[in-house]
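Asker: give me a model of this one.
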Amino acid sequence: MDAALLDLLLAIVHHFLAFLLAALLAAEFVLVRKGLAARSLPLLGRIDGAYGMAAGLLIIVGIGRVIFGLKGWEFYVYNPVFWLKMAALAAVGMLSAAPTRRILSWRRAVADTVPDAEIAALRVWLKAEAGFFALILIFAAAMARGFGY
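Answerer: Residues are numbered from 1 along each chain as shown. Next up is the predicted model:
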């Protein structure tokens, strides 16, 4: 495959996965609200699972861009903005663990609704995830314009 075409395809898939991740995080945020009923938990669990899968694929494709992309791996590894982006991605990943554990525990519980205090606590985690996700986009835009290199 032509190097330019591979670079283009990796970029397209990478961006698609980033937007998918944002959409799934937004879907979780919409579902996790006061009065969350037990009947909505399977859907929330599937969305959270898809979020994890999309994040994993995003990382794999991102590694592919670093290794096979036209900019070369040097563009990334010597760019401090890239490492800020990776730090923000790591923060999103770490912050997403608590909501995933909480959603799994809610699914195992037998209550008809999730307590509002637990909903409020989880929304704090989701807001923090969204904040760090925004930093990923900011750092990506900065890198695309040559900052840090």
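Asker: correct me, but residue 18 touches residue 55?
Answerer: No. With contact defined as C-beta atoms under 8 Å, residue 18 does not reach residue 55; the gap is 9.9 Å. In short, each C-beta sits where N, CA and C put it, glycine included.
Asker: lowest-pLDDT helix or strand in this structure?
Answerer: helix 73-77 (a mean of 94; mean pLDDT, DSSP states H and E).
Asker: what's the first helix or strand after that one?
Answerer: helix 80-108 (DSSP states H and E).
Asker: what about that following helix, distance to the chain center?
Answerer: 7 Å (C-alpha atoms, centre = their mean, to the nearest Å).
Asker: any idea of the mean pLDDT in the helix or strand just after that helix?
Answerer: Going down the chain from helix 80-108, the next helix or strand is helix 116-144, by DSSP H and E. Helix 116-144 shows an average pLDDT of 97 in the prediction.
Asker: tilt between helix 116-144 and helix 80-108?
Answerer: Counting by axes from the mean of the first three to the mean of the last three C-alpha atoms, to 10 degrees, helix 116-144 lies at 160 degrees to helix 80-108.
Asker: show me what counts as buried in helix 116-144.
Answerer: 119, 122-123, 125-126, 128-130, 132-133, 135-136, 139-140, 142-143 (16 or more other C-beta atoms under 10 Å).
Asker: closest to residue 22 out of those residues?
Answerer: Closest approach between the buried residues of helix 116-144 and residue 22, by C-beta to C-beta: residue 133, at 6.5 Å.
Asker: these two touch, right, that closest one and residue 19?
Answerer: No. At 11.0 Å, residue 133 does not count as touching residue 19 under the criterion of C-beta under 8 Å.
Asker: about what we covered before: same for the least confident helix or strand of the chain, what does it pack against?
Answerer: helix 41-68 (3 or more C-beta pairs under 8 Å, 6 or more residues apart in numbering; DSSP states H and E).
Asker: sorry, back to before: quick one: the least confident helix or strand of the chain to chain centroid distance?
Answerer: 22 Å.
Asker: what comes up buried for it?
Answerer: 75-76.
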